[in-house]
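Peer 1: Provided below are the primary sequence and the corresponding predicted coordinates.
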Amino acid sequence: MVEYCSPLPDVPLRDVSITERLFEGLMQAADRVMLTDGPSGVALTGAALIDRIRRLAGGLQAEGVGPG
């Protein structure tokens, strides 16, 4: 295995979950189209995508699916 070490300094990272980081990025583009479904042509903005993610998570929770 080849290992690469960048000569640039480390970038400080905040201690947030990947979901929090994703939602932050999507909220910065809340009104911009972030995803377009190819077959249907349905376009989702950042805000709409967050809504879909939350509804999916809520549905999974309602069915007893938890973290892990």
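Peer 2: Everything's here; your move.
Peer 1: Grab the longest helix from this protein for me.
Peer 2: Using DSSP state H to assign secondary structure, the helix with the most residues in the chain is helix 46-62.
Peer 1: Contacts for that helix, please.
Peer 2: When contacts are taken as CB atoms under 8 Å, 6 or more residues apart in numbering, the neighbours of helix 46-62 outside the stretch itself are 19, 22-23, 25-32, 34-35, 44. C-beta here means a position set from N, CA and C on the backbone, and glycine is covered the same way.
Peer 1: try 6 Å
Peer 2: Applying CB atoms under 6 Å, 6 or more residues apart in numbering, the external contacts of helix 46-62 come out as 23, 26, 29-30, 34-35.
Peer 1: could you list every residue that touches the spatially most central residue of the chain?
Peer 2: For the chain, the residue sitting closest to the mean C-alpha position, by CA atoms, centre = their mean, is Leu22 at 3.4 Å. Counting by CB under 6 Å, 6+ apart, Leu22 makes contact with nothing.
Peer 1: Farthest-apart pair in the contacts of helix 46-62, please.
Peer 2: The largest distance within the contacts of helix 46-62, taken as CB to CB, falls between Phe23 and Leu35 and amounts to 14.3 Å.
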